[in-house]
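> coords below, sequence missing:
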């Protein structure tokens, strides 16, 4: 018996939704990095026609490059076992292209930027809920992390980093939009994206060089929360890995 069409559509939608939740933040982080690294080179080639460059060419190029990077990620992980999280390759590539396009419009629109912030926050909360369910399993006395467990743990940490990058960018963007004191000493425009990525990574890895800093009380509160979250995540990560190594040696 052939399943009704509506059930097939609903199943495909459910699979796409699961793939989007699992991969949205990673894809968005990749698209942010690509935008900050290559937007100037593309702009130099098409400077005479700014609107064609910004609203047509750059979104397509950024989406295509995001797909290429994610496809390379799949290829590198193929022999190492990417786990359930990245099984639906084609659906994840669609998410990668969409986030690449969305990143461009978020850089030029307050409404889109807020929409992206809410989306990233929602995805992170869903991933946090799933991670907390797994955490109780990870902390069981006889539990040793498998390769898939390590993938899920790392994916959640990257999702959390992406959420804080977007949060820092949104706070900086809103401060600039309302004409208040800058929240961070990021560079103006698209170059500030790379500053936000760099600052979030060095803050959440507890390095903190001090060349990029929060400037307002609200920004300092956010960064303090980021540092505490990263300490907890790194402690859990090192703890469960170290326990697995000790058990394997014994």
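Okay, I see it. Everything numeric here is computed off the predicted structure, so don't read it as measured data.

> from here on, contacts and neighbour counts on C-alpha atoms
Noted.

> shaky segments in the protein?
1-10, 41-50, 77-88, 143, 240-241, 243-250 (pLDDT under 70).

> what about the helices in it?
5-45, 50-52, 58-77, 89-108, 110-138, 147-177, 191-204, 217-249 (DSSP state H).

> between these, which gets nearest to residue 211?
In terms of Cα to Cα, the element of those nearest to residue 211 is helix 191-204, at 8.7 Å.

> right, and residue 66 touches residue 98 too?
No - between residue 66 and residue 98 there is no contact under Cα atoms under 8 Å: 9.1 Å.

> those two: who's more crowded?
Ranked by neighbour count (other Cα atoms under 10 Å), residue 66 and residue 98 place residue 66 first, with 30 against 22.

> next up, the contacts around that one.
Residue 66 makes contacts with 27, 30-31, 34, 96-97, 100, as judged by Cα atoms under 8 Å, 6 or more residues apart in numbering.

> same list, the helices of the chain, but as a markdown table with distance to residue 184 please.
A markdown table is the format used below for these (distance: least, Cα to Cα, whole Å):
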| stretch | distance to residue 184 |
| --- | --- |
| helix 5-45 | 17 |
| helix 50-52 | 28 |
| helix 58-77 | 26 |
| helix 89-108 | 17 |
| helix 110-138 | 17 |
| helix 147-177 | 6 |
| helix 191-204 | 9 |
| helix 217-249 | 7 |
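
> measure residue 201 to residue 226 for me?
Separation of residue 201 from residue 226 (Cα to Cα, to the nearest Å) stands at 10 Å.

> make that residue 69, sorry
Separation of residue 69 from residue 226 (Cα to Cα) stands at 27 Å.

> among these two, which residue is more densely surrounded?
Per other Cα under 10 Å, whichever of residue 69 and residue 226 has more neighbours is residue 226, with 20 against 17.

> surely that one touches residue 162?
No - with contact defined as Cα under 8 Å, residue 226 does not reach residue 162; the gap is 11.3 Å.
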